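In: below are the sequence and a predicted model; questions follow.
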Amino acid sequence: MDHRISARGINKHRWDDICAEQLDPNKTARVARIIVEQTEVDPDRPGLGQFYCIACAQYYISEAAYESHCKSKPHRRRLKMLTTQKPYLHAEANAAASRGDPDNGRVDAKLMST
């Protein structure tokens, strides 16, 4: 991750693997479906929920605000990071934290037959 993007900066409780999966260029139908789901009219969200950025997981109050966000450096950095870097899998994270599958040692055939 780029040193200029803080850990709690743009993505606000959004996991990188979810965002990267939603932005996968091989699944354009999925991206279109996610945009339709996220932009349903909702009076509790900014701009009635019509202007949503998948990469940053944020709603914007107007189309002008959304377009200026898309031109900003933090958005472009986040989008580049999500499309070029492979996100960590949960299994990799658990292995790095030494929480992998238990290794109970070698099982002898003699012990198994008795």
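Out: Cool, got the structure.
In: going forward, measure contacts between C-alpha atoms and count neighbours the same way
Out: Fine.
In: next one: Gln26 from Ala32, what distance?
Out: Careful, residue 26 is Asn and not Gln. In this structure, Asn26 lies at 12 Å from Ala32, with Cα to Cα, to the nearest Å as the measure.
In: who has more neighbours out of those two?
Out: Ala32 (13 against 9; other Cα atoms under 10 Å).
In: show me where the protein has helices.
Out: Counting by DSSP state H, one finds helices in the chain at the ranges 16-22, 28-38, 63-70, 73-84, 90-96, 109-113.
In: with distance to Ile54 added, can I get those helices in JSON lines?
Out: Formatted as JSON lines, these follow (distance: least, Cα to Cα, whole Å):
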{"stretch": "helix 16-22", "distance to Ile54": "7"}
{"stretch": "helix 28-38", "distance to Ile54": "8"}
{"stretch": "helix 63-70", "distance to Ile54": "11"}
{"stretch": "helix 73-84", "distance to Ile54": "9"}
{"stretch": "helix 90-96", "distance to Ile54": "21"}
{"stretch": "helix 109-113", "distance to Ile54": "53"}
